[in-house]
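J.: Following is a predicted model, sequence given first.
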Amino acid sequence: MRKKYSVNCWKAKYVNRIRKELSVINSYYVYEHIRNDNGNSFYVGKGHGDRAWIKHRNEKHDKIANEYGMSVRIIYNNLTEEEAFEKENEVITRYINSGYGIDIKGLEGDDEEKFLTNQTFGGAGSVGISNPMYNVSPKERMNSFQYEVWLNKTRTRLESQVGDKNPNWKNDTLRKKLENNPELKNIYYSRKGSQNGRSKKIELYDLSKNYIRTFDFIGECASYVKEVIGAKGGIDSIRANIKHYSDLNKPFLKHYYKII
């Protein structure tokens, strides 16, 4: 005999399903590691689960954590992954604009007690093929309900960060630091592709290590791999793969790549 459910029972099941799906979407947070000796932040990150309480990050981070001890502070929670990436970058930028140094060439600063051991501006804790969601779009990784919730939240978030609503509105400390350092300015404001003085050529070889051709920059090589060799995914994903497999000296799509 088929089991009957009351209207209230169906409503409760639907509400519980929504809560469960929302908990998956909004399971990310932004955190910082605080030095126990002076109460200053020395690392900002994003994560979910117990990520914030795992001590290992990089050599400078681990040295401070082991020498002075550390505490964890959750800055934002109940975020989607995309929101967490943006908030992570926002917090790091805010610290730099307030006078903190960061472990990026040209921005180290002079105060060792106000120093972030982050090696990027955030938003890149797991990129390229190291990300388990690599090359999977939000629409593909979520069901239709989750995707609509994510899409609406993303639109609302972006609309709330325009102009004077942006917490870094009119704060040009970082811009001035870049402008006063020609080498650093070249790194962050350089032109793309072959016009970039720092771009490197890429040599392409077949599986027998026979030379095929040389590309002026990695983006040109990625376009060739997509259009001629038939790689799937976006150009940025293909670029990441070329760099990764070149570093490992292993083939990608039956070809070897050498950055010169």
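T.: Noted; the coordinates are in hand.
J.: For the stretch 51-200 of the chain, just list every one of the strands.
T.: Along the stretch 51-200 of the chain, the segments classed as strands by DSSP state E, counting those that start in this stretch run 70-79, 101-102, 115-116.
J.: so what does the last one touch, helix or strand wise?
T.: Strand 115-116 is packed against strand 41-47, helix 81-97, strand 101-102, with contacts defined by 3 or more C-beta pairs under 8 Å, 6 or more residues apart in numbering; DSSP states H and E. C-betas here are computed from N, CA, C, even on glycine.
J.: Nearest to Ala65, out of the ones you listed?
T.: Nearest of the helices and strands packed on strand 115-116 to Ala65, taken as C-beta to C-beta: strand 41-47 at 8.1 Å.
J.: Against which helices or strands is the closest one packed?
T.: Checking 3+ C-beta pairs under 8 Å, 6+ apart, strand 41-47 ends up next to strand 28-35, helix 59-68, strand 70-79, helix 81-97, strand 115-116.
J.: go with 7 Å
T.: With contacts taken as 3 or more C-beta pairs under 7 Å, 6 or more residues apart in numbering; DSSP states H and E, strand 41-47 sits against strand 28-35, helix 59-68, helix 81-97, strand 115-116.
J.: pLDDT-wise, which helix or strand of the chain ranks last?
T.: helix 7-25 (a mean of 54; mean pLDDT, DSSP states H and E).
J.: Out of the strands of the stretch 51-200 of the chain, which is the most enclosed?
T.: Among the strands of the stretch 51-200 of the chain, strand 115-116 has the highest mean neighbour count (mean count of other C-beta atoms under 10 Å), at a mean of 25.
J.: so what strands line up beside that strand?
T.: Strand 115-116 sits in its sheet next to strand 101-102 (parallel), going by DSSP bridges.
J.: per-domain residue ranges of the protein.
T.: 8-179, 194-259 (automatic domain parsing).
J.: Which of these has the lowest mean pLDDT?
T.: Between those, the one with the least mean pLDDT is domain 8-179; it has a mean of 78.
J.: Which strand or helix spans Glu203?
T.: Assigned by DSSP states H and E, Glu203 belongs to strand 202-206.
J.: between the strands of the stretch 51-200 of the chain, which gets nearest to Asp216?
T.: Nearest of those to Asp216, taken as C-beta to C-beta: strand 101-102 at 31.8 Å.
J.: what does the closest one rub up against?
T.: Strand 101-102 has contacts (C-beta atoms under 7 Å, 6 or more residues apart in numbering) with 96, 107-109, 111, 114-116, 118.
J.: Among the helices and strands packed on strand 115-116, single out whichever gets nearest to Ser27.
T.: Ser27 lies closest to helix 81-97 among the helices and strands packed on strand 115-116, at 8.5 Å (C-beta to C-beta).
J.: If I take that closest one and strand 28-35, what angle do their directions form?
T.: With axes from the mean of the first three to the mean of the last three C-alpha atoms, to 10 degrees defining the directions, helix 81-97 sits at 30 degrees from strand 28-35.
J.: Show me what helix 81-97 is packed up against.
T.: strand 28-35, strand 41-47, strand 70-79, helix 173-179.
J.: Now tabulate the ones you listed in JSON lines and tack on distance to Asn210.
T.: Output for the helices and strands packed on helix 81-97, formatted as JSON lines (distance: least, C-beta to C-beta, whole Å):
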{"stretch": "strand 28-35", "distance to Asn210": "46"}
{"stretch": "strand 41-47", "distance to Asn210": "44"}
{"stretch": "strand 70-79", "distance to Asn210": "49"}
{"stretch": "helix 173-179", "distance to Asn210": "43"}
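J.: how about these, which one is nearest Asp206?
T.: Closest to Asp206 of those is strand 41-47 (C-beta to C-beta; 40.6 Å).
J.: Direction included, what does that closest one pair up with?
T.: Strands that pair with strand 41-47, judged by DSSP bridges, come out as strand 28-35 (antiparallel).
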